[in-house]
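can't give you the sequence, but here's the structure:
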C-alpha cells in the first residue's frame, strides 16, 4: 500500500507541473509517468488483497481441521458414554431436539449426520458402526469441519476393548497423575492420562504411557528398566456403574457375613447367615457391620469370602487381619458411592495396614491359576475419597478398579495384580508386580472405543462418507 501512495503523490505533482508547462513533450511525459504510477498502484493493491485472502483461507483451513477433529472427539465420547445402550439393531447415537437418542443406521449403513459448533467454526460427523461401512475397522468416524467458508474432512478409525482389556495393557493405571518416590519398585506397565513423576530411586520395569501433552519426569536416580518404551496416549476408564449388576443392592452375598441370631442342627436364622468362614467366634465379635456396611475383621483374625458379589461401603483390615477369597469362589466387592455411605471428603473406603493383607486361595502360580478377588469402587466426582495400603501391608493379590478414587501404596506395601485409580501415589519401598501368566478378571461391561488411526480426506464431501480417505 506504500507503493500505491507514492504513485498517487507523483501523479499529483505531475498534474501540477502540467498546469505550469503546456509543451507537448511535458504532456506526453506526464501521461507516461501517470500510467506507470497507476500500474504500480494497481499491482500493490492486488498483491495486498491476495495476501489478505491467502491469510484468511489459511486461518480458515486450520480452524476447519480443528473443528473436524473436535467433531470426531465428540462422536467418540458419545460412543463410549452410550456403548451400553447401542446394539446391532440400534447401533447409532442420534439427536432428537436437544436429546441424544439411540437409533438405527441409515440405508447406506452409516449413522445419521450430527452437527455442532465450536467457537466460530462448525462440524458435522457420521459414524460408521460396522466393518461394512468402514472397510477394515470395527467402526469409524468421518467428521467435516467448516470455518470461514473452508471445509476439511477427516476419518478416525476406532478399536474396541473392555475394562479387563485396559487392565491387561498395564498393571498400574491412573485417570490423572501418577507419582512414584523413595525406592518404589514397579514391575508392570504404567499408564495414565495425566503426568508421571519418578524420584528418589523409584523404578519402573514396564512400558510407560503418559497422557497426551503431559510430562514424564525422572529425578534423583529414578529410572525405567531397559527394553521398555515411553509413549503418549489416553485411555477411557468407564465408571464402575457401567458394569456393576443392576440388582446389586438386593441380590448380593452380604447375608453370608451376618451374625446368626439362632442356630439349630437343621437351620440358621436369618437365612444364609455366617456362611463365610471366620476364625474368631461370632458370639464375641463379628466381621460385618450391617448398618454401615463395613467389613472389618478383628485383629489377628482371618475372614474367608466364598460368595459372589458383595455390596459394601468400607473395608478395613489392620493388625494382622487377613481377607481371603475361597478356592472355588469368584469374589467381587462392589463399593457404593460416598454419598450413599455417608463417607466424608478424604476418608478411606479401603484401608489395609499393619501387616494385614488380601489374598486368594485360588492364586496358584505353579498350577497356572491366577484367580483373584476384585475391588470395584464407584467413588464420586464431588466427594474425594481414597484407598490406602501401608505400614507393611502384606503380599496382597487382587484387582483394584477405582477410577474416581485416589490410591496410595506406602511403607513397604506389596501388591500383585492390577490397579486403576483416579490418582496413584506410591512411596517408601512399595512394590507392584505380576507373576508370569497373570491375567486380570474378565470384568465385562461396556465396550470401550479408542482412536486407532487418523487420516485427512480429499475433498469436503463424498459418498460414502469415507471415500477418498
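Nice, thanks for sending it over. Computed from a prediction, not measured in an experiment: that's the story for all the values here.

which parts of stretch 198-207 are buried?
198-199, 201-207 (16 or more other C-beta atoms under 10 Å). C-betas here are computed from N, CA, C, even on glycine.

Same check on stretch 254-268?
Applying 16+ other C-beta under 10 Å to stretch 254-268 flags 254-258, 260 as buried.

for stretch 110-129, same thing?
Applying 16+ other C-beta under 10 Å to stretch 110-129 flags 110-111, 114, 118, 121-129 as buried.

between those residues, which is closest to residue 217?
Nearest to residue 217 out of the buried residues of stretch 110-129 is residue 118 (C-beta to C-beta; 32.4 Å).

Off-centre distance for the lengthiest strand in the chain?
Counting by DSSP state E, the longest strand found in the chain is strand 150-161. The chain centre lies 18 Å from the centre of strand 150-161; the measure is C-alpha atoms, centre = their mean, to the nearest Å.

remind me which residues of the stretch 151-300 of the chain are low pLDDT?
Applying pLDDT under 70 to the stretch 151-300 of the chain picks out residues 161-164.

where along it do the helices fall?
163-169 (DSSP state H, counting those that start in this stretch).

Flag the least confident of the buried residues of stretch 110-129.
Least confident of those in the model: residue 129, at 86.

That residue against residue 106, yeah?
No - counting by C-beta atoms under 8 Å, residue 106 is not a contact partner of residue 129; they are 10.6 Å apart.

Confirm that residue 78 lies within a strand, as I assumed.
No - secondary structure of residue 78 (DSSP: H, G, I helix; E, B strand; the rest coil): helix, not part of a strand.

Provide the count of other residues in contact range of it.
Per other C-beta atoms under 10 Å, the neighbour tally for residue 78 reads 20.

State the distance from it to residue 122.
Distance, residue 78 to residue 122, by C-beta to C-beta, to the nearest Å: 17 Å.

Tell me how far residue 429 lies from residue 184.
Distance from residue 429 to residue 184, by C-beta to C-beta: 7 Å.

if you count what's nearby, which of those two comes out ahead?
Using other C-beta under 10 Å as the criterion, residue 429 and residue 184 rank with residue 184 on top: 26 against 17.

what sits against the more buried one?
198, 202-203, 426-431 (C-beta atoms under 8 Å, 6 or more residues apart in numbering).

Distance to residue 455 added to those residues, as JSON lines?
Formatted as JSON lines, the contacts of residue 184 follow (distance: C-beta to C-beta, whole Å):
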{"residue": "198", "distance to residue 455": "35"}
{"residue": "202", "distance to residue 455": "39"}
{"residue": "203", "distance to residue 455": "38"}
{"residue": "426", "distance to residue 455": "39"}
{"residue": "427", "distance to residue 455": "44"}
{"residue": "428", "distance to residue 455": "47"}
{"residue": "429", "distance to residue 455": "47"}
{"residue": "430", "distance to residue 455": "43"}
{"residue": "431", "distance to residue 455": "43"}
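
From those, which land in strands?
Those of the contacts of residue 184 lying in strands (DSSP E): 198, 203, 426-427, 431.

Surely residue 179 touches residue 410?
No - Residue 179 is not in contact with residue 410 according to C-beta under 8 Å; the separation is 11.3 Å.
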